[in-house]
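Q: just need the structure, nothing else, for what follows:
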Amino acid sequence: MSLTNAPTLMTERLILRGPETRDADAVIAFLMDQDRAGGFGAYDNRPDAWRWFALNVGHWHIHGYGYFTIEDNVTGQPAGLSGIWNPDGWPEPELGWVVFEGYEGKGIAYEAALCARDWAYQDLGLTTLTSNIVPGNTRSIRLAERMGAKYERTYQNAYMGEDMLYRHPGPEAV
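A: Take a look at the predicted model:
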């Protein structure tokens, strides 16, 4: 059962849904992997990673949006996260994505991010989105550019340090 009021979105291969208690271990394992989660916000201990999981649940309740769990619709397993993120200190709503170990290179992040962006524009009525990417994260830069996002500026992110802000095309252009 979802811990939030998140809708369930479907793509050809994926289900984007609200976080559930059963997702916690997969999310925590990702967050504690320093190499994989470095550009997202890695943690060096389980309690802090668990707090992020709970933070995402709260983010949904405060904003009405947050990170969806990406579920593989064949296996039912969590494959990653994608959604809209805008905690206090963020410059503006961000479209974000990550895939868990074993799900890279399959187009899952792209498919999920397109779905989340369409939902943000069509259902939330957002008119602009960014993706904030740490320098050197070439895979996320390529994905953002594939989605039509353009580099706008580098800034100091309150949580991540130096970040590059990519602006997505607005709803009228997608």
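
Q: how about the helix or strand bottoming out on mean pLDDT in the chain as CSV, C-alpha atoms only?
A: In the chain, no helix or strand scores lower on mean pLDDT, DSSP states H and E than helix 34-37, which sits at a mean of 92. What follows is helix 34-37, C-alpha atoms only, in CSV (Å, rounded to 0.1, in the frame of the first residue of the first chain):
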residue,chain,number,x,y,z
GLN,A,34,28.6,5.8,-2.5
ASP,A,35,29.5,5.3,-6.2
ARG,A,36,26.0,4.9,-7.5
ALA,A,37,24.3,7.5,-5.3
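
Q: right, and the helix or strand after it?
A: helix 46-63 (DSSP states H and E).

Q: identify the residues contacting that following helix?
A: Helix 46-63 is contacted from outside by 3-6, 18-19, 23-24, 27-28, 31-32, 41, 43, 65-67, 81, 84-87, using Cβ atoms under 8 Å, 6 or more residues apart in numbering. Where you see a C-beta, it was placed from the backbone N, CA and C, and this is true even at glycine.

Q: redo that, cut-off 10 Å
A: 2-6, 18-21, 23-33, 37, 40-43, 45, 65-69, 81, 83-88, 93, 124 (Cβ atoms under 10 Å, 6 or more residues apart in numbering).

Q: which of those are buried?
A: Buried by 16 or more other Cβ atoms under 10 Å: 2-4, 6, 18-20, 23-24, 26-33, 37, 40, 42-43, 65-69, 81, 83-86, 93, out of the contacts of helix 46-63.
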